[in-house]
Every structure is written in C-alpha cells, then in structure tokens.
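Peer 1: got a sequence here, can you model it:
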Amino acid sequence: MEKEIFGEGRIKSLEGILKHYSAQHVFLVTGKKSYELSGAKEKLENQLQGRDYHRHFDFEENPKFSDLLQGAKAIQAYNPDIIVAVGGGSVMDTAKILSVLPTDTIKAKKVIKGDINFDEKITPIIAIPTTSGSGSEATHFAVAYVDNVKYSVAGKSLLPDHVILDPELTYSMSPYQTAVSGMDALCQGIESYWAKGATEESREYSSKAIEEILGSLENAVNNPTPIARQKMARGAFLAGKAINISKTTAPHALSYSLTTYYGIPHGHAVALTIGDIFVLNEQNGDEELKKTMEELANIMDCKNAEDCKVKIHSLMSKIALVNNLSDLGIEANNLVNIISDSVNMERLKNHPFVLSKDEIEDVLIKLI
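Peer 2: Residues are numbered from 1 along each chain as shown. Below is the predicted model of the structure:
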C-alpha cells in the first residue's frame, strides 16, 4: 500500500486505503468551509458510501486547547477504525493531536506541554491536504495553543500513515491564501537548509522545495494553472519532509507572537522576518554557516544574502503581501517587548547561531 500518493484525481485512492484497513467507521476531520469549497466533499462521498463516518469540524484555526479536548472526547465516543484529515494545516494538526490526546483535562494539558509522553495513536491517519503550505501532512509534530501560548506536540506516531496529494483540491484557494501558505512553505524550505538540525537528507528535500516554490508561487497566485498548482503541492510537501527532520528556526520562532497578538496569518508572519535573518546569518555565522548561506543563495539563484532578501521581498510584493506592519494598519508600539518576552525558544535554539536580544530587536524594529 502506497504511503505517498501524488497527482490530479488521486483522491480516488482513498477508497483503496480504506479497504486495506477494512475501515467501516471513519472519523473525518475537515475545515468548516474548505471541505466543500475544495471539492473534497463531492469527491469523497462516493468513496464513503457503505461506511459510517463522523465529520468533525467544530474548531478554530490554530488549534486551541478547549477545541482539542472537545475533539478528543468526540473521537473516543465514536471509536473509529481510521482518521481521515482533509484540509489545511490546522485540520492536519488537529487530527494528529486528537489521535493521541487523552480526554482528562489535566493529562491532556500535560501531553500538549510535553510534560508527559503520549501513547501510540488510536488508529491510522490519512492526510489529504487542500492547501499547499503547512507541510503538516509530512511531519511528526503538530501545533496547539494553550492560553495563547504556542506548543509543538511531537512524536513519531503523529506522522500520518498515508498522504494523498491531489493538486485539484487546491484549485479553490484564493490568491491571498495561496500567497500566505506558499510563503510558509518557502520559509520552511529556507530555514530547514540553514537549521542546526539540518542533515544531508533534509537539505536535499529543502533545496528541491525551494526550487519548486520559487518557480511557481507567483503564477499560482496571479495566474493559477494546473502546473503551478502541482509544483506548489509538491514543493510544500517536500518542505514538510525537510522540517520533519531539521525543524524550523528564528523566523518561525518570532512568527507565533505576530500571529497570536496581531492576527497576522502564519505564513505571512514568518515571511516578514526571514529576509533580515537571512542577512544576519551571512554576517554573523562561522565559516561553515557562511558556506551554507552561499549554497542557499546559489539554490535561490542569488549572489548573496542581501540579494536573497531583495528577492524574497520582491516576490512578496508581486503576490500582494506587504513587508511591514504599518502597511497592514497595525500599530505595534510594544512589538519588541511583546515578542521578546514570548518568543518560541524551542525554535530559536535550532537556529544555527545564538541570536542576541539586540539582534532580535533590530529585526523586529524594521517591521514597524
């Protein structure tokens, strides 16, 4: 049975996977609107005929603890044979966490915060993304928020058992959604390449992801074609496979507070700082990191880090994403203090060198 299935119309492969597991009770995790808008509902109904299924979609983006606890109780009550996640990153993360989350409030919080380990997932997971960006379908971790604090739940059992990448399901994405999710995937690819946790394998995935995304994102936003959508779906998946090994770094570490406190969508929040951090890496890194940055600039068809920053900002402009907060109408007088006090240290520790508080503040000040 194939683990990774790619291609237009391949959502039809779900029925074969369900038969493989003799699945008669399906716990279906979807977005509120994307399930129908993406065309997934229409395409899945025939494959689910003759099977009992429960659709779970009553949760917000950026999974919150109260929603996850409610979902854990729902999945325990239903007792499924299999979990099918159809949607974007929040849907994928929710499904993955629900597969291991206890229904006891205290234990559930401890699992999300990493204070206690979780058991193997209750049943296999099939991931069917309807966006090209988060890469959650390819990773063994998932994001959850407890009291506005972001946690990364991680464990091998969270990795989906099967992934169906059908680019047709991304055709309904709006230009803005395509831009935001695409920048998330591009930043994942870039960060994975320079991450402290990078390996030869992760860099192979990330370099291919960067090439696919840089060559297709502008068209996917402004002139979407099947080929552009295919490349974005493939690029986002490869970026997910890259960070599954290496994890992300400073731009992601700084992004979570921008999303939590200022409502900036995740992919846009990451993209806001990655250009300046690119330059910092080249300026402050040791010889090994400088060599890595040269390789990365070459992959991006750039001369140096500053050239890469310009290229990233130019791409953002072409896909209608601004490069500062004032253009978003956000007054961020306390930005530096808020983010400095709530930065995600786990991701920051994976950066290739220790960023000083002054360096972080300089990056943040440029956003105002």
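Peer 1: where in this protein is pLDDT low?
Peer 2: With pLDDT under 70 as the threshold, the chain has low-confidence stretches at 332-333, 338, 340-342, 344-345.
Peer 1: can you give me the strands for it?
Peer 2: In order along the chain, the chain carries the following strands (DSSP state E): 4-6, 25-30, 52-56, 82-87, 125-129, 141-146, 149-154, 162-165.
Peer 1: where along the stretch 1-150 of the chain do the helices fall?
Peer 2: When assigned using DSSP state H, counting those that start in this stretch, the helices of the stretch 1-150 of the chain occupy the ranges 14-20, 34-37, 40-48, 65-78, 89-98, 105-113.
Peer 1: the shortest one packs against which elements?
Peer 2: Right, helix 34-37. In terms of contact count using 3 or more Cβ pairs under 8 Å, 6 or more residues apart in numbering; DSSP states H and E, helix 34-37 is assigned the packing partners helix 40-48, strand 82-87. C-betas here are computed from N, CA, C, even on glycine.
Peer 1: need phi/psi at the closest residue to Asp161 other than its chain neighbours.
Peer 2: Closest residue to Asp161 apart from its sequence neighbours, by Cβ to Cβ, 6 or more residues apart in numbering: Pro124 at 4.2 Å. Here the main-chain torsion angles of Pro124 (degrees, to the nearest 10) amount to phi -60, psi 150.
Peer 1: residues touching Pro124, list them.
Peer 2: Counting by Cβ atoms under 8 Å, 6 or more residues apart in numbering, Pro124 makes contact with 21, 82-83, 161-162.
Peer 1: quick one: which of those residues is nearest to Asn337?
Peer 2: Comparing these against Asn337 with Cβ to Cβ places Ile83 closest, at 40.9 Å.
Peer 1: what about the closest one, neighbour count?
Peer 2: For Ile83, the neighbour count with other Cβ atoms under 10 Å is 25.
Peer 1: quick check: it vs Gly71, distance?
Peer 2: For Ile83, the distance to Gly71 equals 11 Å [Cβ to Cβ, to the nearest Å].
Peer 1: overlap of the contact sets of the two?
Peer 2: The contact sets of Ile83 and Gly71 overlap at 29, 98 (Cβ under 8 Å, 6+ apart).
Peer 1: tally of neighbours for Ser356?
Peer 2: By other Cβ under 10 Å, the burial measure for Ser356, its neighbour count, is 11.
Peer 1: re the thing from before, would you turn the contacts of Pro124 into JSON lines with distance to Ile277?
Peer 2: Rendered in JSON lines, the data for these read as follows (distance: Cβ to Cβ, whole Å):
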{"residue": "Tyr21", "distance to Ile277": "43"}
{"residue": "Ile82", "distance to Ile277": "41"}
{"residue": "Ile83", "distance to Ile277": "36"}
{"residue": "Asp161", "distance to Ile277": "35"}
{"residue": "His162", "distance to Ile277": "35"}
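Peer 1: please work out which residues outside stretch 217-228 touch it.
Peer 2: With contacts defined as Cβ under 8 Å, 6+ apart, stretch 217-228 is touched by 8, 132, 167, 171, 175, 178-179, 182-183, 186, 216, 229, 231-232, 315, 318-320.
Peer 1: now intersect those residues with the helices, please.
Peer 2: Secondary structure assignment by DSSP state H places 175, 178-179, 182-183, 186, 229, 231-232, 315, 318 of these in helices.
Peer 1: still on that earlier bit, most packed of the helices and strands packed on helix 34-37?
Peer 2: Here the criterion is mean neighbour count by mean count of other Cβ atoms under 10 Å, and of the helices and strands packed on helix 34-37 the winner is strand 82-87, at a mean of 27.
Peer 1: what pairs with that strand, parallel or antiparallel?
Peer 2: The sheet places strand 82-87 alongside strand 25-30 (parallel), strand 125-129 (parallel), with pairing taken from DSSP bridges.
Peer 1: name the stretch among those strands that sits most buried.
Peer 2: Burial of the strands paired with strand 82-87 is given as mean neighbour count (mean count of other Cβ under 10 Å); strand 125-129 ranks first at a mean of 27.
Peer 1: can I get it as CSV, trimmed to CA atoms?
Peer 2: In CSV, the C-alpha atoms belonging to strand 125-129 read as follows (Å, rounded to 0.1, in the frame of the first residue of the first chain):
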residue,chain,number,x,y,z
ILE,A,125,-4.3,8.7,9.8
ILE,A,126,-4.8,9.5,6.2
ALA,A,127,-3.8,13.1,5.4
ILE,A,128,-5.4,14.8,2.4
PRO,A,129,-4.3,18.5,2.2
